[in-house]
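Asks: when you get a sec, could you give me coordinates for this:
(5 chains, ligands or ions: 4)
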Amino acid sequence: MAEIELHNLVKTYPGGTSRATDDISLHVADGEFMVLLGPSGCGKTTLLRMVAGLELPDAGQVVIGGRDVTYLEPRKRNLSMVFQSYAVFPHRKVADNIGFGLRMRGADPDEIKRKVAWAADLLQLTPYLDRYPAKLSGGQRQRVAVARAIVMDAEVLLMDEPLSNLDALLRLSFRAELKKLVAELGTTTLYVTHDQVEALSLGDRVAVMRQGRIAQCDSPTTVYDHPAEEFVGGFIGSPPMNFLTGTVVAGGDGGLLLDLGAHSVPVPEALRSFSDRQLRLGVRPEAFEVARGGDLESPGGLGAELEVFEPLGSSVLLTVSLSGHQVKVQAPPSVRADPGERLRLSLPADQCRWYDPETHLLLETS
Amino acid sequence: MAEIELHNLVKTYPGGTSRATDDISLHVADGEFMVLLGPSGCGKTTLLRMVAGLELPDAGQVVIGGRDVTYLEPRKRNLSMVFQSYAVFPHRKVADNIGFGLRMRGADPDEIKRKVAWAADLLQLTPYLDRYPAKLSGGQRQRVAVARAIVMDAEVLLMDEPLSNLDALLRLSFRAELKKLVAELGTTTLYVTHDQVEALSLGDRVAVMRQGRIAQCDSPTTVYDHPAEEFVGGFIGSPPMNFLTGTVVAGGDGGLLLDLGAHSVPVPEALRSFSDRQLRLGVRPEAFEVARGGDLESPGGLGAELEVFEPLGSSVLLTVSLSGHQVKVQAPPSVRADPGERLRLSLPADQCRWYDPETHLLLETS
Amino acid sequence: MTAAVKRPPKRIGMSPWVLLAPSTVLLVLLFGWPLVQGVLAAFQDGDGFTLAHWERLFGDPYFGQALLNTLLLIVIVVPIQLVLAVGMTLLIQAKPKLAGLHFYIWAIPLAISDLAAGLVWLTVFADRGYLNSLLIGLGLSENGIAWLSYDNPTTMLLAVVVAEIWRATSMVFVIVVAGVQMMPPDYDEAAQVFGASAWQRLWHVTLPLLRPSLQVALILRTILALQAFAVAQALTGRNFPLLVGETYQWYVNLQNPAVASAVALVILALSLGTAILYMRALRQPSAGGPR
Amino acid sequence: MRPAIDLAPLRKRRRQRVLIQLACVAISAFMLLPIVLIALSALSSRTALTEFPKPLLPSELSTESVTAFVGGTGVVPAFGNSVLAGVYTVVLALLLGAPAGYAISRFSFRGRDAYQVLILLVRALPIVVLSVPLATMFLRVGVDDTVFAVTLVHTALALPTTILITASIFVGVPKDVEEAALIFGCTPGQAMRRVVLPMALPGLAASSVFTFVLSWNEVLGAAVLTLGHRTLPAQVLASLADSPNAYRFAGGFVLVLPALLFIFVMRRYLLNMWGTTLR
Amino acid sequence: TGFATSGTSGLTFLSTQFTPVEEAERFRALLRKGFDGDVGYVTSDPGPFATQVRSQVDAGNVRVSLLGGLHGDLAPLAPDHLEDLTDIVSDFSSLGWPPEYLELARVGTDRTWYVPWAQASYVLAAHVDALQHLPSGADAEDLTYDQFLDWAVAARRANDNRPMLGLPGGPKGLLHRFFQGYLLPSFTGGQITTFRSPEAVTAWEYVRELWRNCAPASTNYDFMQDPLEANEVRFAWDHVARLVNVPKREPDRWRMMPAPRGPKGRGYMAVLTGLAIPKGAPDQDQARRLVAALSRAETQVELLRANAFFPTVRTQIPDNLPPAIRMEAAAVAKQRESKGALLSLPPVGLGSKEGELSKAFKDCFQSIVLGGADVRSTLDAQAKVVGKVLAEAKVPCWAPDPRGTGVCEVM
Ligand SMILES: Nc1ncnc2c1ncn2[C@@H]1O[C@H](COP(=O)(O)OP(=O)(O)OP(=O)(O)O)[C@@H](O)[C@H]1O
Ligand SMILES: Nc1ncnc2c1ncn2[C@@H]1O[C@H](COP(=O)(O)OP(=O)(O)OP(=O)(O)O)[C@@H](O)[C@H]1O
Ligand SMILES: [Mg+2]
Ligand SMILES: [Mg+2]
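Replies: Numbers count the residues shown, from 1 in each chain, chains lettered A, B, ... in the order given. Ligands and ions are numbered 1, 2, ... in the order given. So this is what the prediction gives:
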């Protein structure tokens, strides 16, 4: 009942030199969970504020549930929001903060009490219901802001980095609850986060933004596995995708090879038009398979020297030098190696993504 | 020159019912990078504020660089700080904000200009130097706060969730720079974060806090691999450690086994005192090795049914049912399976951690 | 299924003028016409435009004196009050014991009318007042000092200054306190951590953040100081004439509204001049509020 | 190896606190002393008033002057009128002035500075030169000699203070909190009432105090607008100037008391906050 | 719309007189006793008084039925804002108002605009302590200005060089009346015409000398009774109503005396209050009845008894008055009846310009005495101001200046 359609939204802040959002169009289906991801300052908050009606676009249209709301007052849009800055009411106790929206809507006091208790419980705020926000820790304040938003059961839920100050455990449990809640109510959600795991695990779709534009909007796996632009690949994933530039040459067996210097990697037939031209190869760090020492120059294997070894708990991160390019490789925690050691990497062909070195756009290979 | 020693710090906020920090002692060596990790509201900010001198402890002592500073004014402690709430001066332009500390210290204007430019460049703030903070995005403001702290070259650097509103890419690059910077200057750093990857990759040591106490303070790998309390294991790692309760029984070959119901796991000899008593087994999700189908009940193998399959990009997360316990398993992205399918998990003995079911403390096994 | 874009409403949210209208209407209705009449009166006599009233005014021996005294008083009193009020605010912010009581006492002079304030200080400074009683009691003086005598202009000025400070500092104080109460403590804490001394914090953080309040306090204080003469009159009679006093004198005792209007216009010009000066000097850096 | 706890800063802090304490007491004494003196004078007998050198405590106390003052014809109803006018004025000035203050603080529109200067005109021109035209106007409309008329004039006089003070305070109310209220279903009016105003309470209290005290002490306007329904100052303040000192003190003292009460009530709102404005 | 504060709902009597609470209460009691209607007696400062009357009449919405005020309060309102009361005055001519008062009440026209109500004058009050410093041979009841000065000097010398004499030079003080009605007529024989005569120069030089022996706080004294009571000064010149409380506590230690005399006689001034009816006032009949009641001899004697204002109608002053008033009455009588008595009137017919004329005298004092300016040139300069005021008002001279036909002007 409440899909969100954004048509060509343009917004320049007064006195600003560049557009905060630059002709953004986006369609969020009813009940869909859309995650916005992008570098700091790319216009995520601005976009949310235009949907909420706190900022009016210079051009373009906002449609919610089939109704044009571009210039409608916020309160008539039936939505609720978690502010990046929390915007908790300092003069109201936590319980009153959480119940504020319901009270404004004239809900039944018992109902309010019940819902407040429920949200407080969900966000582990029950002991603090009687405090003023000034006496809370940063994370607790943020939770108040989240609780205030979710009790509303609004048709559209806008969340601007709602969990940025919470610990992993709490995020994890809240995320699960949120997903359940949203699914139950059929709430359409726009969720800004900088946490990729959150983005990928939570979103039905992920919109990656860059300088006021949407670079790619697709399902999490597609965004992760097939970044539509180098930017997306470089932005998502930690560590991000590796990019290697080489020249396409004819291989011995008539196939094409990307010449990286000391090594070469097979290039799909579909890219024959790039023969003798430069091409960019994108590989996720975890796409490499790592073997220690051994038969270094076996065919399909790439010899590399380990420069840095970082244990990350659930995996290890290797920084290796491959034909002079620095490449990040993620390996299972069982892998152990010392800097300076030589490793053999193998690279399955289906893990290779190819980019046009000029437009930086993904090239179709099938 | 500036190790930090905290001795038995106790702090209860006026009107508070419980202690915000409860008898905390901590020693941070000169130049060490100490990360504080803990659930929201556990007292991290309070601890930092006491080190900074913004809050006076009810009891205990703060020593910085061999000098007692428990009650000394903040400005005489030669430290700088990133506030969780940023506390960016709204009446000063970004450049003035960043240079504030230097100006207060009476630094040379050229020097200030140089350093501001350097920090702005590092945090990608150069285009905004001339703006007032009200015209910045949330993440940009946070970066201003960080820049303001790092230009100080203070002996002690306190950072309270300094990167919570930044995207992964920026965090990554800043983290690397910070580590370099801190190492160069020999700054002693106390760093609060809720991001475990950050904690583990950045910290020389990690102190995990819980309800005003330090649960464990050790190197990242130790904290991750050998959580001193169940709490630490459950708190760190995403998903966290799995805990399974069983009874210790004598195995067929004279060894001890933990009886989990349908399965059993060998128990080290050192825990013989727990014979016939309950014992808790902790296993990291990535400690399991997963095979699909196949010889399900082979020795050392644990048969489990897949309940949920979640792709996380660089790995997949499996929720399986193991003798009725729900267990999270992290597997390489190459693993594919469907809910309902049976999987064979194997569990290397050196990946098992044993906990006393009453005290929830780690039991020594060697 | 794109819904038609409704034209953006001409006024987005509330136009400021909607909010300004009620007060403006009241002011214009009540004071607009009298104001115009008052201004015109200064330039008119029976047969049209004239500058005679101004000549009359400038020829008056009291006028120059009054102008001088008024300026002198403002130049001395307003800065002292500002400094004092900020100091008092800082004291209250330091949360001393009985802060509430002190605060209350400091606000008391607000409640006292000009006339009563003048009386109060007259009992102190009069020849046979408390101050001289004290001096004599301490053996510092035999017969006391004629503080308010016309031939002691310095002590006379001093007495008026003390009385004005006592009477009107509270006003600045209350405005500044209200401003400080709105200020998050974060900024001050940040300044502490970054090595600012108490003075530096005051100068670089607290005062700039207080700018709106200070601006208002200064403007109001100056304008009201230009309006107050009862204290000076009670203390010194006509020995220390002030401009508003002259307005009353001309209007009430001399029944000459035209010259009174001329004096009033001088006051008006002074008030607006200083107000504009303050507004320029303490202009908000851009429209950006805190946060 | 563990240094002894350095208590010097704590001692310094304590010393500072003592100094602060002393400063507070000194200022309080300065502020209070004249009040005490007027109270003592009001309660002195006439003979005691003429003593010299004056002892701090008058030799003879008497409530004669005060009772005579309070017993005067019309003093009690005039007191009632003053309270009415004061309260009405406070309410009306806030109702009209706070929105304007809000507009000045939140919107940057053309003519904002001009508007501020314009409202100052009202305060900058000595009201005495307006008195005849003003009174004539009220008489023409037929609302003279009522508390209502006095309230109107006092409101107009108080508006500039109200507008400027509230404007300076609204600047400090974070915008995002207000936006949150809009999102959670408030009309702009409700957002103002439920969120912005409570947060701006100190400023509102400050301006209320000014307004009330202004109305309470204003003589001229009330004196030219009323005859049979006077406010207390109009009824007695004028006569004080012509009275013997004993009455002047008694009158001054009696006039001060209710305003003291009012400030006492408002004091809480000036000081009490819910901690801070949050980020 | 508020609570009634006038005490009754009857006609409204607005007055600038008897503003002090005590006096007003006594007068209200008197009204209740002497008049059978309801009267709300409302006091006001002269400023709001004029404003009220003007605006009410201008707006055609008059609320006040009767006005009471000094000649100076009422004269500016005639003729546009007052009813013509010529008929009352002729009806009651038997009451015996002095002709010079009726002249004043005509305000330079040929109609009468207010009814003379009560009068007052100015006298000297002295404590017996001060009297002992009188120059030898001087008669306290018949001082010359030179003896007066000697007295002030002697008193000052005897008192540690602190003057014992006080004059009401405060903002509300009536010192200018001393110059207009006492000093200048005594020295020059005139008020306006002789404004810059050589005798006037002598007179002002005399003031300068006198002022040196005058308490410096005199510029703050509005009423002399407070400083006298408080022992700040021991003898003083002031309005009778402003001295009446002085002898209250120790009646036998105080004396009231006529003002000194000078070379041209004993100048003295009478203060006149009057009753007027605003143009278009409601309840005019009641108001006229009230005027009649207030003009009765008994009522006026009562007023003297209550508030120390003397009757304007011909009547016998009774003996059973309070001591202070008895002393004042005696001094006033002596002042009026002594040989060489020279009556000065407050400016006649100047209307709203009266204040500016008085200002000229005050300004002379300010410049010559306080500012130390040259007497001659100051007088010349102020004479121009006086001349201008008179020229604008186009009025003939009044006592003690010779009343001519043309416009009064400074010689
Ligand atoms: N000013 C205060 N008054 C009273 N209690 C407070 C105050 N500040 C914090 N607390 C309480 O003290 C405890 C510790 O707060 P602290 O701010 O140190 O937490 P934290 O570890 O920084 O949490 P977070 O990660 O949410 O920022 C919390 O339970 C909090 O509610
Ligand atoms: N009030 C404002 N006035 C002018 N420019 C602004 C304003 N608010 C934001 N901007 C600019 O607009 C751009 C987009 O801001 P926005 O707040 O939408 O970023 P964001 O994607 O939310 O970033 P972050 O992750 O840091 O919060 C930024 O470059 C910012 O500097
Ligand atoms: Mg944002
Ligand atoms: Mg915190």
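
Asks: just want the residue of chain A that's nearest ligand 3.
Replies: Nearest residue of chain A to ligand 3: A:Thr45, at 3.1 Å (CB to the ion). Just so you know, the C-beta spots here come from the backbone N, C-alpha and C atoms, and that holds for glycine as well.

Asks: wait, that residue touches A:Asp160, no?
Replies: Yes: counting by CB atoms under 8 Å, A:Asp160 is a contact partner of A:Thr45 at 5.6 Å.

Asks: show me what whichever strand or helix holds C:Leu71 is packed against.
Replies: Secondary-structure element containing C:Leu71, defined by DSSP states H and E: helix C:61-93. Helices and strands touching helix C:61-93, as assessed by 3 or more CB pairs under 8 Å, 6 or more residues apart in numbering or on different chains; DSSP states H and E, comprise helix C:99-107, helix C:153-181, helix C:211-227, helix C:243-248, helix C:257-281, helix D:8-43.

Asks: tell me the residue of chain D that sits nearest ligand 2?
Replies: D:Lys175 (9.5 Å; CB to the nearest ligand atom).

Asks: tell me the pLDDT of that residue.
Replies: As predicted, D:Lys175 sits at a pLDDT of 88.

Asks: again, but for A:Val283
Replies: A:Val283 is given a pLDDT of 92.

Asks: cool, A:Leu37 as well?
Replies: In the predicted model, A:Leu37 carries a pLDDT score of 91.

Asks: for the stretch 51-200 of chain D, what spans make up the helices?
Replies: For the stretch 51-200 of chain D, applying DSSP state H, counting those that start in this stretch gives helices covering D:64-70, D:75-106, D:112-124, D:131-141, D:147-170, D:175-183, D:188-191, D:197-199.

Asks: any chance of those helices in a markdown table, plus mean neighbour count?
Replies: Output for the helices of the stretch 51-200 of chain D, formatted as a markdown table (neighbours: other CB atoms under 10 Å in any protein chain shown):
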| stretch | mean neighbour count |
| --- | --- |
| helix D:64-70 | 18 |
| helix D:75-106 | 23 |
| helix D:112-124 | 19 |
| helix D:131-141 | 22 |
| helix D:147-170 | 27 |
| helix D:175-183 | 23 |
| helix D:188-191 | 17 |
| helix D:197-199 | 20 |
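
Asks: and the residue in the stretch 51-200 of chain E positioned nearest to ligand 1, how many neighbours?
Replies: In the stretch 51-200 of chain E, the residue that lies nearest ligand 1 is E:Pro171 (56.9 Å; CB to the nearest ligand atom). Using other CB atoms under 10 Å in any protein chain shown, E:Pro171 has 20 neighbouring residues.

Asks: try the one 3 residues further on
Replies: By the other CB under 10 Å criterion, the neighbourhood of E:Leu174 contains 23 residues.

Asks: roughly how far does it sit from chain D?
Replies: The gap separating E:Leu174 from chain D is 12 Å, by CB to the nearest CB, to the nearest Å.

Asks: show the contacting residues for residue 193.
Replies: I'll assume chain A. Contacts for A:Thr193 were tallied using CB atoms under 8 Å, 6 or more residues apart in numbering or on different chains; they are A:Val35, A:Leu36, A:Leu37, A:Glu161, A:Pro162, A:Leu163, A:Ser164, A:Ala199, A:Leu202.

Asks: my question was about chain C
Replies: If you count contacts by CB under 8 Å, 6+ apart, then C:Val193 has B:Ala52, B:Gly53, B:Leu54, B:Pro74, B:Arg75, B:Leu79, B:Ser80, B:Met81, B:Leu158 around it.
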